[in-house]
Each structure stands twice: as C-alpha cells, then as structure tokens.
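Asker: What follows is a protein structure lacking sequence information:
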C-alpha cells in the first residue's frame, strides 16, 4: 500500500463492508484484498481497482458497501486519534468544531489514497468539499449514478461522532463525467443535532 499510496483504512474498511453485506462473496474479493496484504501493506492500485470494478457489477450492493466502508473509515480514523486531540475537538465550540472536522475529512481523503486531494470552502453553514482524483470514481466509461458514497458517508459520520449535525450529498462526481467530485456538507447552521 505504501508504494501506491493506498491507505490501510480504505482497504480494511472495504474488506469489512464486503464481509458485512456480501459474506458469501468475500472469498472472491479476498483474491485481491487478502489478509496478508492487509497486514504487510502490499495491496496495490491495480487490485483495488479490480475490487471496485467488480463491486460496481454487484448492483445496489456497491452503494451499500462503500457507504458502510466510509462509516468504518470515519470511526477508525477517530479511534486512532490521540485522546487529547479528540477531547480538544469535542471541547471546541460547534462553529469551530465543524471546521476542524472538515479539516479531518480532508485528511481522511488524503490518507485513503495519497493521489487524492480535498479542497474545502465554507459558505453560509455549508462546506463544499472538492475531492480531486477520487479512487472510487476512476472508470473507463461514465456511469449513471455518483460513486462518491464512501466520502459522503465518512464525512457525515465524522460530524455525527463529534455531535455536529450534518448531511452530506454528492453534487458532482467524476464517475458520471464531471471534472471533479464535489460534496456538499450541510452543517445544520452550526447547531448540535437534535436528539
């Protein structure tokens, strides 16, 4: 994974998502996402593209798996943070916390695949995050639906884990023929989520 810049959290979360949703097909996907490769960090870009390509052939399971993988990635990212950093983010006022979490979301994009970048802009309680070179949206032919569900789920889960009400939607996707992937994170006007 180090050579191709593919982060362990991406591969592990995809593996877990497949195990949850398609347990009978896990053996097939483990041809590329094997345990030894996960441990040693030797899963490259080509095997990951193969997994994503085959997952897209699974119909609705692709969306469910990548959404769940995004949630796992967010959870594991937060769990791997130093406790002091988590406490600092939780103690910050909501308006500052949301900005810190968008920065963490940008970091998560970079850590899933080092070839990706995320650029964020805030405006009126909304963060627009432009994901450049998304690993999920590299397709030969444009598809009819967005493929950025991993990032949308990860961003929403990150916000929820720190009590910031947010909803993320995919505005543009490179997989559908757009230049980049743009996700809109509506931050509920910087308010805490209602119980």
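Answerer: Arrived safely, thanks for sending. Keep in mind the model is a prediction, meaning the values are calculated, not measured.
Asker: Not including adjacent chain positions, what is the nearest residue to residue 33?
Answerer: residue 15 (4.8 Å; Cβ to Cβ, 6 or more residues apart in numbering). Yep, even glycine has a C-beta here, placed from its N, CA and C like the rest.
Asker: how deep is that neighbour tucked in, by neighbour count?
Answerer: 23 (other Cβ atoms under 10 Å).
Asker: For it, give me its contacts.
Answerer: 29-30, 33, 38 (Cβ atoms under 8 Å, 6 or more residues apart in numbering).
Asker: In JSON lines: the residues you listed, plus neighbour count.
Answerer: As requested, the contacts of residue 15 are exported to JSON lines (neighbours: other Cβ atoms under 10 Å):
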{"residue": "29", "neighbour count": "20"}
{"residue": "30", "neighbour count": "16"}
{"residue": "33", "neighbour count": "20"}
{"residue": "38", "neighbour count": "16"}
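Asker: Restricted to helices, list these.
Answerer: Those of the contacts of residue 15 mapping onto helices are 29, 38, per DSSP state H.
Asker: re earlier: quick one: the residue nearest to residue 33 from residue 141, how far?
Answerer: 27 Å (Cβ to Cβ, to the nearest Å).
Asker: Doesn't the residue nearest to residue 33 belong to a helix?
Answerer: Yes: assessed with DSSP: H, G, I helix; E, B strand; the rest coil, residue 15 lies in a helix.
Asker: Any figure for the gap between it and residue 9?
Answerer: Distance, residue 15 to residue 9, by Cβ to Cβ: 11 Å.
Asker: Ok, residue 17 next?
Answerer: 12 Å.
Asker: what about these two, which has more around it?
Answerer: Between residue 17 and residue 9, counted using other Cβ under 10 Å, residue 17 has the larger neighbour count: 23 against 20.
Asker: tell me which helix or strand of the chain sits lowest on mean pLDDT?
Answerer: Every helix and strand in the chain was compared by mean pLDDT, DSSP states H and E; the lowest is helix 35-40, with a mean of 73.
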